[in-house]
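S.K.: Provided below are the primary sequence and the corresponding predicted coordinates.
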Amino acid sequence: MTIHNTPPAANIVQASGLRIAPSILSADFSRLGEEVRAIQAAGADLIHFDVMDNHYVPNLTMGPMVCEAIRPHVTIPIDVHLMVEPVDALIPLFAKAGANIITFHPEASRHVDRTLSLIREHGCRAGLVFNPATPLDVLDYVMDKLDIILLMGVNPGFGGQKFIPSTLTKLKAVRARIDAHVAAGGQDIWLEVDGGVKVDNIHAIQRAGADTFVAGSAVFGAPDADQGYRTIMQQLRTQLTQL
Ligand SMILES: O=C(CO)[C@H](O)[C@H](O)COP(=O)(O)O
């Protein structure tokens with residue numbers, strides 16, 4: 001097993017284009033180190049790490065200790081999606097545990113602007129997550145503090161759900177906001193989609209404006225960890241190159 005040092009968050013500045021972020025929510029938790037190594041070897045661009053607290057969402061998953069435990073097994077960035085309320089106390093802990101990106105839901109923080117600053121102060125890239133029925137209004141005030149916007153394609157809390165089609169309309173709206181922001185001299189912002197992403201819909205999701213794709217059950221549902229993961233990652237990637 002190769003043990004890697006924690007990559008600095010700045011590494012991900014070099015990442016460009018289209019990114020696939022397998023969600024380890026659907027991995028085999030009894031052998032998580034092997035799972036993340038296998039998914040990196042299969043071509044993953046990011047590890048998507050779902051944190052659920054049985055309060056903001058009705059499920060309970062993993063915390064900073066698990067992030068720290070998998071960090072030495074991969075060199076690609078770890079993309080931590082906080083489905084927790086409150087948010088702020090976990091930010092220093094995940095930054096210390098090797099997270100590179102931290103996203104949270106705006107309704108879970110009383111002070112969204114402050115929470116975004118806190119994430120960046122801890123050396124991570126910062127982002128907001130919107131549930132299918134959460135309005136985008138807060139974006140009017142914090143675009144300059146965002147590295148990533150994540151739209152949920154399902155209601156958060158569980159893997160293996162069906163993609164909600166209205167997400168495509170919302171994606172187009174966010175893509176237009178990002179493009180206008182960049183055209184006005186603002187920084188680029190990744191547009192990530194999470195939930196229900198499969199081989200048969202990733203192309204439509206890309207066409208609606210996404211550049212970063214979280215896929216959990218589609219990837220980790222493959223029959224075997226090595227060739228199976230490579231095959232599904234290749235199938236996803238092939239759909240993405242057909243714009
Ligand atoms: O955040 C999540 C659920 O809250 C998961 O990342 C998401 O659902 C991915 O799983 P799948 O690809 O199986 O839908």
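M.R.: Structure received. Numbers count the residues shown, from 1 in each chain.

S.K.: near the ligand, which residues of the protein? Just list them.
M.R.: Contact residues, the chain versus the ligand (Cβ under 6 Å from any ligand atom): 23, 25-26, 48, 50, 81, 154, 156-161, 194-197, 214-218. C-beta: built from backbone N, CA, C; applies to glycine.

S.K.: and residue 76, how far from residue 42?
M.R.: From residue 76 across to residue 42, the span is 11 Å (Cβ to Cβ, to the nearest Å).

S.K.: same check on residue 169?
M.R.: For residue 169, the distance to residue 42 (Cβ to Cβ) stands at 32 Å.

S.K.: more neighbours, the two?
M.R.: Taking neighbours as other Cβ atoms under 10 Å, residue 169 and residue 42 compare with residue 42 leading, 21 against 9.

S.K.: quick one: that one from residue 230, how far?
M.R.: On the measure of Cβ to Cβ, residue 42 and residue 230 end up 4 Å apart.

S.K.: do residue 19 as well
M.R.: Taking Cβ to Cβ, one finds residue 19 at 17 Å from residue 230.

S.K.: these two - which one has more neighbours?
M.R.: Taking neighbours as other Cβ under 10 Å, residue 19 and residue 230 compare with residue 19 leading, 21 against 17.

S.K.: now do that one, the pLDDT please.
M.R.: On pLDDT, residue 19 comes in at 97.

S.K.: tell me who's in contact with it.
M.R.: The neighbourhood of residue 19, defined by Cβ atoms under 8 Å, 6 or more residues apart in numbering, consists of 45-46, 190, 211-213.

S.K.: now the helix ranked longest in the chain: mean pLDDT?
M.R.: Identified as the longest helix of the chain according to DSSP state H is helix 167-183. Taken as a whole, helix 167-183 has a mean pLDDT of 98.

S.K.: tell me which strands and helices the helix or strand just after it is in contact with?
M.R.: Downstream of helix 167-183, the next assigned helix or strand under DSSP states H and E is strand 190-194. Judged by 3 or more Cβ pairs under 8 Å, 6 or more residues apart in numbering; DSSP states H and E, strand 190-194 is in contact with strand 125-130, strand 148-152, helix 167-183, strand 212-215.

S.K.: just the residues contacting the longest one, thanks.
M.R.: Under the criterion Cβ under 8 Å, 6+ apart, residues 130, 132, 136, 139, 143, 149, 151-153, 187-189, 191, 193, 204-205, 208-210 lie in contact with helix 167-183.

S.K.: again, but for stretch 53-73
M.R.: For stretch 53-73, using Cβ under 8 Å, 6+ apart, the contacting residues are 1, 3-6, 24-25, 32-33, 36-37, 40, 47, 49-52, 78, 80, 83-85, 90, 93-94, 96-99, 105, 108, 156-158.

S.K.: now intersect those residues with the helices, please.
M.R.: Short answer: the contacts of stretch 53-73 in helices (DSSP H) are 32-33, 36-37, 40, 90, 93-94, 96.

S.K.: would you show me how to pick out the buried ones of these in ChimeraX?
M.R.: Per 16 or more other Cβ atoms under 10 Å, the buried members of the ones in helices among the contacts of stretch 53-73 correspond to this ChimeraX selection:
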select :32,36,37,40,90,94
